[in-house]
Every structure is written in C-alpha cells, then in structure tokens.
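>>> sequence and computational prediction follow.
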Amino acid sequence: MRLIRILKSRVLIDAAPRDGNRNRPGCGSHLVSRTPDLKIRESAHFPSHFILTYRRIPKVNTIFAIASEWHFSYSAGELIIIRKRDVMKTKLLLAAAAASLAVPALAEDQGPPRSESDAKEIIVTGTRLDETAGLKTATPLIETPQPITIITDDTYLSQGAVSIADTLRYASGAVANAFGPDGRVDSTRIRGISPLQFRDGMRDIYSFYASIRADPYNFSRVEIVRGPASVLFGNGSIGGLVNLVSKVPTFETGGEVAVRYGSFDRKEILADIDVAAADNLGARVVGRFRDADTQTNFIQDDRVMLAPSVRWAPTADTDVTLIGLYQEDDGGSVSQFPPLVGTLLPNPNGQLPNDLFVGKPGWDRYDGRLAQGTGLVEHRFNEDVTLSVKARYIDSDLTYFSHYPNSYGNPLNPYLDDEQRQIELTASGNYAELNVFSTDNNLQWKLGTGSNVEHTLLAGVDYSWNEVLKTASYGSTVIDIYDIDYDAIPDYDGGLPNPETASFTDVAQDQLGFYFQDQVRFWDRVSVVLGVRRDEVNTKAAGAGTVDHGATSFRAGIIGEIVPGVSPFFSYTESFEIISGTTADGSPFIPKRGRQYEAGVKFHPDAATIITATAYDIEESNRPVSDPNNPLEQIQIGTASSRGIEVEATRRLPDNYDIIANYSYNEAEDDATGRQLDNVPKTVASLWGTKTFFVGNGASLRFGAGVRHVGENFSYGAAFPDGLRTPSNTLVDALAELRWEQWRLSVNATNLFGEDYYAACLARGDCFVGEDRNIFATLSYDF
C-alpha cells in the first residue's frame, strides 16, 4: 500500500482498500484528505461520485479541460467529481493544472491519518493541462505567454464533432470548415491563416490531397496554439497550429463500446478498450467502423479505423509508448464546386440544389489507406533532468477522382448556351503516395540560480523526411447541369482520364532543426521565455533540381501575475513554414516566413472562471496565392498582415452550468492591395453551454446548446475587382444526454434549424455549400 503525492505535494490523499464492498455501488465508503487544505469524500448516494468541499473557491488555472471520463460539477461550495467511464471503480482525477493549484483551508481531516504503509494508492489519470503543445515542458497555461486552447474529447464530441475541423467550432480565433464540410481535408483557419496539423507534437500533414483525414475519436484532446510556434515545432503556420493528442493506455482496465445512427444513413460502431496487463503494462485499442452517405448525392463517408497502442513503464522514471494506426476511407468530394451563376448569383433556371452531384457515380471517389507507427519514450534521470524521444513513420496512398464544372474561364457566365444550362465538365484523376519519417528529441533540465529564480532549459533536435509522388490527368465533357445524364458521362474504364497525357511529380524533402529554450520563473509570479531555432531544409523535385533553404527563428515572451488571478503577457514570435509541392512551372515552393507581436491578459479569479483576451499583429511573406493565369495553380508573391483581437471565456456556474464563449475580430489583408484576404471573415463568435441534472439512482441528464456566427467574407478577382461577397451565417447546435450507471444515450444536432448557406464563394467562379442539418443518436456502454 502506498501513498501518492498529488499536485506538487499540496494534496496528499489515501483511501480504503479497493476490495470487498469497496466496489459495490452506494456503499458510502469515503476518501480522506491528509492535508487540512480540503476534504474529499465519496458520495453515499451515487457510486464513484467524489466530493471536494471547501470554504473558499480554490485557485486553479483551469478545471475545464478534464479527461473525458470525468465530469465536474460546481455548486454551493462543493466540487463534485463524477466518474463517467467506470462507476464501479474508485479512481480520482483532480484538476489538471498541477503547478498552480492552491486550495484554501477548510476543516480538519476525517479521522487520524494513516501511515504510508496503510494508505491505498489512488490512481490519478487524465489530461494534464500543464503538458501542452505550447512550450514542450510541464508549464501551467497561466504561466505561458501565449494563448492556448485545449478541447477535450468529451467537449468536442458533446458538441457533435465528426471531423477534426468540427472540433474547432467553439474555439476563439478559429473558423471551422472554412470551405464547408469536406470529405477530403479539414479546412480551418486560425487568425485568418490555415494552420498546420500536428499529432503528438510531430507534424501530421505534409501535402494536400495526398492522405486522408484524422479521426477525432482517436484522440483524448485537441490543442490549439494560436500564433507562431516555429521555435519549438519547426515549420509551422504563422496563425498557429492544431495538435492532436492520441489516446494511450492508462494502466487501468476500462473502456466503452458504442453504436450510432443518424442523418445521411450514418451507421457506426465505436470502441475504446483499455486493458491493464500489469501495474506498469497496458494496451489500448480505439476503433471506428462507419457506413454512411453525405449531404451530397452519390458521395459516401465510409471508414475503418483501428489504433492499437501499448504502454510500458519498466521503472518509475521511464515510460515507453508505441502507437499504431491503420485507416481506410472510402469517400468522395462533398464539395462539387458548383458555378457562381446558379448558386450565389441568379440563373434563369433557378438555384442549383445543395445536394447536387456533378460527377460519374462509381468513378468519383476519394479513397485512401493510411498506416503509421509512433514511438514515444520519456526517461527522468532525476527530478530535474528529463529526456524525451519521439519518432513516427507514415505510409499513405490515395485515389482521388472527381469532376467539377469549368466556371473559371468566365465566372460571370460559364455556360455554353443561351439558356445557361450547358457547361463544360472537367474530369480530374489523381493518384498520390506519401511516405514520412519524423523524429523529435529533447532534454529538459531544471535548475535554480537563486532563491527566487528557477530555470527550465530545453534543448532539442528534430528531423523529418517526406516524399510525395503524384500522377494526374484530365478529361472533359459537356453536361446539362440542371438535368444531368449520368450515363452519358464517361467512366474512363475506371481509371485515369487520358492516361497518355498524365503528369508526374515527385517531391522529396529533408528538414533538420535545432532548438533551445529557457523558461525563467521569478518569485513564483513572473515567467520569461526565450527561444531560438535553426532549420535547414533540402527540397528536391523531379526535373527541377534541388533547392536548399535555411532559417533562424526567435521567440521571447513574458507573463506575470500582477495581482491574484490577473496575468498580463507580451510576446514576440517568428515562423518558418515549409511548403510541399511545386508551382505551375514545376519549381518547388520556397518556405513562408512570418513574425508576430502579441499582448494580452489571462484572468482566472477562481476555479470556475478563466478568461483570455489578446491582441496581435502578424506579418507573413512568400504566401501561395491563386495564379491569375491558371486559377487551379498557385504562385508565391507578396506579403500579408493579420491583426486582431480575441476573447475566450470559460465559466462554470452554480447548479452545474458550463459555458464557453468566444469572440474574435481579424483584419487579414493583402499588403499590396489593402484588401481583406480571400474568404477570411472579420468577425467570428460562438457560445456553448450545458446544464446537468442529477435525478437519482445513479442517473443524470445533460442538455446543451450552442450558437456560432461566422461573418461575411469577400473574394477578389478580375471578374470581381470590388469583391464577391459571401453572406454571414449563424448556426445552432444542440445536445440531449441521459446517463444511467454505465449506459449513455445522447442525441446531437448540428445546424439544428437547417439553415441553407454558402461557406465560401470564390471570385474564380465557384461556391462551397455549407453544412446541412445533421442529427445522430449514440448509445454507449462504459465498463
């Protein structure tokens, strides 16, 4: 029997042994705090409901991003911790923000403290918010001079997310599904700029239309780092990055199985099974099997995803995790690129339907296979020195066949007849193969240089290699887009159109980076972060030779708690982004560069509230933009700026209300013209709230609702020199959930009222339909 120290020795807890009646529901056994700071007990009425009682609200940097298997309710001086995933076990998760928890005193302990040999270890698991993508070190969010949003799987799944893009719907500064729902890629924007996607701290996507989308069910949380992060992560978007954190074994047996049915004949089986083979050895399997249609006729959204992982802790200081993934998607392009005339602009034949499919049934597809393996190793030499080693290999192949109306030559009238019905239809056939090896290794060293000065040094090296091979060819025919004869559209014998004219590209890239960071903490109130990084990149494109690039990036930031609960911060950061692919003439893209100044404040007056407000100024150069002579290709010209403000607030109200509110204003402009960047809205706002009712007999009800607003955006081109306006949209989402012991039944609805809208329309001549109403029910069993 051992005693576990929790939260830097500020809370010591023991419990009765977990045997006999200890595991029977409603037995009324209790947990005992061994510090006068708080009292902890298990509810006598609800199994595995743990209650922390206190006189004053504890100061926590955040208790809102909790591991998905726990629910926190906050009411009348009590913080009730409710086990979702396994009501039969005594397992406690305290708020994840370890270094910043300070719980005020309450009353004396219940009963005399036991000896360490008599104490039962309580397993503390879940999301540690002080281990995030922001600094690669165990740093509380309130000590990080950069806005970081953490969204747990319980949060984004309760909001109805079915893709990674969906998880950003209620995040500040983010636009989810900027080009509508898409079965090919997750199109998002952060601060007006497309972010890069990482998985477990290493880059996950290296080229568009060369792989398939990640599955949100496979992750425990999504981390959004707003602003540049190149000093630690190498090539990265100036707007920010999205880091996906994989589910891994927890050294405890449990899990869930679920079935789902919903709109577009969506049928799914989901499973998340965690098995403890020993105290230091565990295995976990996460899987999804989906058979579904989409809001576009003839387009499927089928998926098989299997993600096994093994975790081994041979010693108390060493942790080894191996993560595998195999995924197959059989889908297609939900976006059909309908012409402006007939969608946003009037056509005498009427408006084209939102579910319009313009291709060849059975030929159009976006089918991919993805296999990857990841290794994560961490070893603590002592309390001050920690080594982290990560490596991943990705193997992916993709078949992408689609059709699109050719409206690009004359966006204002792309039709071939006076009745405006006949239009040229382009067939695009593409094969892609992607191979990636990446690794990230760093050493962390903590040391003190004075009684009130602490340093956390981080030195690391990362390396990545990727190769993308693509084959593409095109064909064309003519259709009556208002009465499509699908039988008349050629199927090219199931292969490439006109393979004799196919083009081939082969781009390989090596990147080597060295980084160093020093976090200095003064008087336990002020934190200064200084960082530098050097990157060397070698890009080789077949037929275009080899191009070498190097870049040095810097970072500096300061944050301090000037009064309790108020921490202003200021930072300067730079970015360096490698871009795979080539321009129309076959030349490799050169890296994008950027810099940002940012100032803000983090307000955390109590355990139930955290508010972040920030203002930023971004400059970016070497941006890829559409080639005016070939709208389907890109060139790199000019610079852009992005300036704005963001406010993000999370509040837990009495009586089990939870609220997330966000607002952002962004002026992202092309410096050459002074115009807002294409399809970047200036305003984005959202509000999400839930209310939980405990109805007795181990049952609870949770209801949720949200509203999200995306402002109008514009696109510019020769046909629209003053801009083509896409109207704003405001959508409503809803949740109803019943939990009873180990069962859960939930119903989600996104775009509840079925608003018809366009997510984006481009001056080049086409539109992207917004998401349709989507309702689905999920029945799950936790064990």
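On my side now, so go ahead. Numbers count the residues shown, from 1 in each chain.
>>> which stretches of this protein have low pLDDT?
Low-confidence segments of the chain, defined by pLDDT under 70: 1-135, 580-582, 584, 626, 628-629, 631-632.
>>> tell me which residue lies nearest the centroid of it.
Taking Cα atoms, centre = their mean, the centroid of the chain lies closest to Val222, which sits 3.9 Å from it.
>>> am I right that that residue is in a helix?
No. With DSSP: H, G, I helix; E, B strand; the rest coil as the criterion, Val222 is strand rather than part of a helix.
>>> would you quantify the distance from it to Ser567?
Between Val222 and Ser567 the computed distance is 24 Å (Cβ to Cβ, to the nearest Å). Every C-beta, even on glycine, is put in place using the N, C-alpha and C of the backbone.
>>> ok, now which ones touch the residue nearest to the centre of the chain?
Residues in contact with Val222 (Cβ atoms under 8 Å, 6 or more residues apart in numbering) are Ile150, Ile151, Tyr156, Ile164, Thr167, Leu168, Pro216, Val242, Asn243, Leu244, Val245.
>>> how far off centre is stretch 504-523?
20 Å (Cα atoms, centre = their mean, to the nearest Å).
>>> which positions in that stretch come out as buried?
505, 507-513, 515-517, 519-521 (16 or more other Cβ atoms under 10 Å).
>>> in strands, which of these appear?
Among those, the members falling in strands are 505, 507-513, 515-517, 519-521 (criterion: DSSP state E).
>>> export the residues you listed to TSV and tack on distance to Val341?
Putting those into TSV (distance: Cβ to Cβ, whole Å) gives the following:
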residue	distance to Val341
Thr505	33
Val507	36
Ala508	42
Gln509	41
Asp510	46
Gln511	44
Leu512	50
Gly513	48
Tyr515	51
Phe516	56
Gln517	53
Gln519	56
Val520	60
Arg521	61
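>>> now flag whichever of those is closest to Asp585.
Relative to Asp585, the closest of those is Thr505; by Cβ to Cβ it sits at 12.0 Å.
>>> how much space between that closest one and Ile660?
Summarising the geometry, the distance separating Thr505 from Ile660, computed by Cβ to Cβ, is 43 Å.
>>> again with Arg651
Counting by Cβ to Cβ, the gap from Arg651 to Ile660 is 8 Å.
>>> so for these two, which sits in the more crowded spot?
Each of Arg651 and Ile660 had its neighbours counted (other Cβ atoms under 10 Å), and the higher figure belongs to Ile660 (22 against 17).
>>> so where does the more buried one fall, helix or strand?
Element membership for Ile660, per DSSP states H and E: strand 657-670.
>>> report the buried residues of that strand.
Of the residues in strand 657-670, those buried under the neighbour-count criterion (16+ other Cβ under 10 Å) are 657-666, 668-670.
>>> packing partners of the one helix or strand Val478 maps to?
Assignment of secondary structure by DSSP H and E places Val478 within strand 453-480. Contacts of strand 453-480 with other secondary structure elements, assessed using 3 or more Cβ pairs under 8 Å, 6 or more residues apart in numbering; DSSP states H and E, are made with strand 202-203, strand 422-450, strand 503-522.
>>> for Arg744, which of the ones you listed is the nearest?
Of all the helices and strands packed on strand 453-480, the one in closest proximity to Arg744, counting by Cβ to Cβ, is strand 202-203 (33.0 Å).
>>> the closest one: partners in the sheet, and parallel or antiparallel?
strand 196-199 (antiparallel) (DSSP bridges).
>>> can you list contacts of the strand it pairs with?
Taking Cβ under 8 Å, 6+ apart as the rule, strand 196-199 contacts 133, 164, 186, 203-205, 214, 233, 235-237, 241-244, 246, 374, 392, 577.
>>> thought Ile590 was touching His549?
Yes. Ile590 sits in contact with His549 when judged by Cβ atoms under 8 Å, with a separation of 6.4 Å.
>>> so what sits against both of these two?
Shared between the contact lists of Ile590 and His549 (criterion: Cβ under 8 Å, 6+ apart) there are no residues.
>>> all helices of the protein, in order?
Along the chain, counting by DSSP state H, helices occupy 153-158, 230-233.
>>> test my guess that Leu425 contacts Ala488.
No. Here Leu425 does not reach Ala488: they are 10.3 Å apart, not a contact under Cβ under 8 Å.
>>> looking at these two, which one has more neighbours?
Under the neighbour definition other Cβ under 10 Å, Leu425 and Ala488 were set side by side, and Leu425 has more, 20 against 11.
>>> so what's the more buried one bridging to?
For Leu425, the residues forming beta bridges with it (DSSP bridges) are Pro405, Thr477.
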